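**Q** only geometry, no sequence info:
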């Protein structure tokens, strides 16, 4: 199921320059950090329960017989 969520992107603000970065869930899940163009390294922490992510997916793409 984790691979199904890899297209989801989270927005993260750089604490050094304030730039908003779009980080794919795959990076959050596997790499745990992302670098900003200003040189800052931002440690990522995924504290969102998988059920919340699944609810967001279901909201955008409601389960139906052909995609359930």
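**A** Looks like it came in fine. None of these values were measured; they are calculated from a predicted model. Numbering: from 1, shown residues only.
**Q** quick check: pLDDT value at the residue nearest the centre of the chain.
**A** Closest residue to the average C-alpha location of the chain: residue 25 at 3.2 Å, with C-alpha atoms, centre = their mean. Per-residue confidence (pLDDT) for residue 25: 82.
**Q** so what's the nearest residue to it once chain neighbours are set aside up against?
**A** Closest residue to residue 25 apart from its sequence neighbours, by C-beta to C-beta, 6 or more residues apart in numbering: residue 8 at 4.4 Å. All C-beta spots, glycine's among them, are computed from the backbone N, C-alpha and C. Shown in contact with residue 8 (C-beta atoms under 8 Å, 6 or more residues apart in numbering): 24-25, 53, 56-57.
**Q** which of those residues fall within helices?
**A** Among the contacts of residue 8, the members falling in helices are 25, 53, 56-57 (criterion: DSSP state H).
**Q** picking that back up, the residue nearest to the centre of the chain and residue 6: what is the separation?
**A** When C-beta to C-beta, to the nearest Å is the yardstick, residue 25 and residue 6 sit 5 Å from each other.
**Q** likewise residue 56?
**A** For residue 56, the distance to residue 6 - C-beta to C-beta - is 14 Å.
**Q** returning to what we had before: selecting buried members of the ones in helices among the contacts of residue 8 in PyMOL, what would you type?
**A** One line in PyMOL is enough to select the buried members of the ones in helices among the contacts of residue 8, burial here meaning 16 or more other C-beta atoms under 10 Å:
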select buried, resi 25+53
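**Q** mind listing what the nearest residue to residue 15 once chain neighbours are set aside touches?
**A** In space, and not counting its chain neighbours, residue 15 is closest to residue 40: 6.6 Å by C-beta to C-beta, 6+ apart. Each residue near residue 40 by C-beta under 8 Å, 6+ apart is listed here: 14-17.
**Q** what's the closest of these to residue 45?
**A** Each of these was checked against residue 45 using C-beta to C-beta; the closest is residue 15, at 13.5 Å.
**Q** kind regards, and thank you for your time.
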